[in-house]
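1. Fold the following for me, if possible:
(one chain, ligands or ions: 2)
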Amino acid sequence: MSSDLQQFPQMLTVAGIDSSGGAGINADVATAFAHHVYPATVVVAVTAQNTYGVQGATLLDTNIIEQQFASIADDLAIKAVKTGMLGDREHVEIVAAALAKYDLGPIIIDPVMVAKGGAKLLTDDAITAVKEKLLPLATLVTPNLLEAQQLTGITINTPADLAAAARALQALGAQNVLVKGGHGAGDELTDYVLLADQSAFTLVNPRLDTTRTHGTGDTYAAAIASNLALGHDLKTAITLAKDYLYATVANEIIVGHGHGPLNHWAKGE
Ligand SMILES: Nc1ncnc2c1ncn2[C@@H]1O[C@H](COP(=O)(O)OP(=O)(O)OP(=O)(O)O)[C@@H](O)[C@H]1O
Ligand SMILES: Cc1ncc(CO)c(N)n1
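-> Ligands and ions are numbered 1, 2, ... in the order given. Below you'll find the predicted structure:
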């Protein structure tokens with residue numbers, strides 16, 4: 001369908017719902033709204049979780065997942081898409097097929113594998129499908145250190161290892177790579193970015209002394225997708241997203257008793 005009316009910036013998140021509201025689709029929607037971007041959602045999984053951990057998860061029937069994509073593609077003008085929790089191999093493949101079928105703009109793949117409390121959000125046998133089906137579609141892939149190691153088989157101990165892992169992710173087909181450093185040691189956290197033109201840069205921030213970091217990875221990728229939907233280039237989109245993420249962690253809100261959610265009002269814009 002077409003219209004001459006100027007469409008409001010729109011992004012799509014393809015992920016799981018978090019009953020406690022802090023991660024997954026909930027974080028993505030909050031992030032998009034805070035960026036004045038309209039979020040559409042393809043729900044892949046429903047989770048029962050809170051700030052202590054994940055108590056249950058159900059993957060939706062693949063037919064309704066395909067239908068959600070079709071409904072959105074028939075009507076909305078999506079300018080960027082991000083994926084989060086995809087659950088298992090079958091769901092990774094269904095999502096990859098839909099991403100290849102529809103033009104949804106730049107594709108951010110957040111290869112979510114394990115939740116903060118340690119619960120698995122992706123089965124082991126799905127990792128091959130992520131590598132073979134999703135990464136070749138990725139404008140940007142945003143693994144944390146553990147996910148980068150799982151996807152590449154490279155143990156990351158040094159900056160050289162980090163650079164090698166990012167290159168290996170490009171070799172698997174991702175055009176641009178952001179390896180997040182939240183799981184690193186020390187007082188400073190370093191994210192490493194390798195762009196398609198082979199230029200690389202780091203984003204360094206102090207580690208904030210807080211346990212309220214539920215949904216940091218989701219929020220980061222959703223902020224990048226939102227910035228791309230707004231028309232920013234990728235480097236600017238990543239830099240602005242990092243600023244947004246830092247503010248949401250730095251300005252704590254007290255919700256729950258474990259790894260609490262972020263403050264999406266922190267920027268107040
Ligand atoms: N305590 C903290 N202080 C400041 N920044 C943090 C903190 N924890 C995480 N971050 C930032 O959040 C971003 C995402 O971190 P991380 O590597 O933990 O991703 P993730 O494991 O995908 O997150 P999630 O657990 O939500 O899936 C990184 O840029 C990291 O620097
Ligand atoms: C639904 C969902 N997606 C992603 C994560 C990882 O932050 C989570 N805990 N829950």
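2. mind listing what's buried in the longest helix anywhere in the chain?
-> Of all the segments assigned as helix in the chain under DSSP state H, the longest by residue count is helix 234-250. Buried positions in helix 234-250, judged by neighbour count with 16 or more other CB atoms under 10 Å: 234, 237-242, 244-249. To be clear about C-beta, it is placed using only N, CA and C from the backbone, and glycine gets the same treatment.
3. How about stretch 90-103?
-> 90-96, 98-99, 102.
4. which parts of the chain sit against ligand 2?
-> Taking CB under 6 Å from any ligand atom as the contact definition, the chain meets ligand 2 at 15-16, 18, 23-24, 47, 84-85, 112, 115, 121, 215, 217-218.
5. Spit out the contact partners of Thr216.
-> 182, 245, 249, 262 (CB atoms under 8 Å, 6 or more residues apart in numbering).
6. same question, Phe201
-> Taking CB under 8 Å, 6+ apart, one finds 193, 235 in contact with Phe201.
7. Let me know the secondary structure of it.
-> strand (DSSP: H, G, I helix; E, B strand; the rest coil).
8. just to revisit the earlier point, which two of the residues of the chain next to ligand 2 have the greatest separation?
-> Thr47 and Gly217 (14.9 Å; CB to CB).
9. What sits closest to His172 if chain neighbours are left out?
-> Quick fix: residue 172 is Leu, not His. Distances taken as CB to CB, 6 or more residues apart in numbering place Leu135 nearest to Leu172, at 4.5 Å, with adjacent residues excluded.
10. Quick check on that neighbour: phi, psi?
-> phi -60, psi -40 (degrees, to the nearest 10).
11. Just confirm it contacts Ala174, I think it does.
-> Yes - judged on CB atoms under 8 Å, Leu135 makes contact with Ala174 at a distance of 4.9 Å.
12. When these two are compared, which one has more neighbours?
-> Ala174 (28 against 22; other CB atoms under 10 Å).
13. filter the residues of the chain next to ligand 2 down to the ones close to ligand 1.
-> 23, 112, 215, 217-218.
14. give the contact list for the residue nearest to Leu172.
-> 109, 141, 151, 169, 172-174.
15. Out of the residues you listed, which end up buried?
-> For the contacts of Leu135, buried by 16+ other CB under 10 Å: 109, 141, 151, 169, 172, 174.
16. So Val46 belongs to a helix, correct?
-> No - under three-state DSSP, Val46 sits outside any helix and is assigned strand.
17. quick one: contacts for it?
-> 16-17, 19, 57-58, 60.
18. quick one, helices of the stretch 51-200 of the chain?
-> 62-73, 89-101, 127-129, 145-152, 159-171 (DSSP state H, counting those that start in this stretch).
19. what helices or strands is the third one leaning on?
-> Packed against helix 127-129, as judged by 3 or more CB pairs under 8 Å, 6 or more residues apart in numbering; DSSP states H and E, are the following elements: helix 89-101.
20. residues in contact with the helix it packs on?
-> 14, 42, 44-45, 59, 62, 65-66, 69, 81, 83, 86, 107, 122-123, 125-126, 128-130, 133-134, 137.
21. In PDB, list the C-alpha atoms belonging to it.
-> The C-alpha trace of helix 89-101 is given here as PDB (Å, rounded to 0.1, in the frame of the first residue of the first chain):
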ATOM      1  CA  ARG A  89      16.800 -23.300  15.300                       C
ATOM      2  CA  GLU A  90      13.400 -23.400  13.700                       C
ATOM      3  CA  HIS A  91      12.500 -19.900  14.800                       C
ATOM      4  CA  VAL A  92      15.900 -18.500  13.700                       C
ATOM      5  CA  GLU A  93      15.200 -20.000  10.300                       C
ATOM      6  CA  ILE A  94      11.700 -18.600  10.100                       C
ATOM      7  CA  VAL A  95      12.900 -15.100  11.100                       C
ATOM      8  CA  ALA A  96      15.800 -15.200   8.700                       C
ATOM      9  CA  ALA A  97      13.500 -16.200   5.800                       C
ATOM     10  CA  ALA A  98      11.100 -13.300   6.600                       C
ATOM     11  CA  LEU A  99      14.000 -10.800   6.900                       C
ATOM     12  CA  ALA A 100      15.200 -11.900   3.500                       C
ATOM     13  CA  LYS A 101      11.700 -11.700   2.000                       C
END
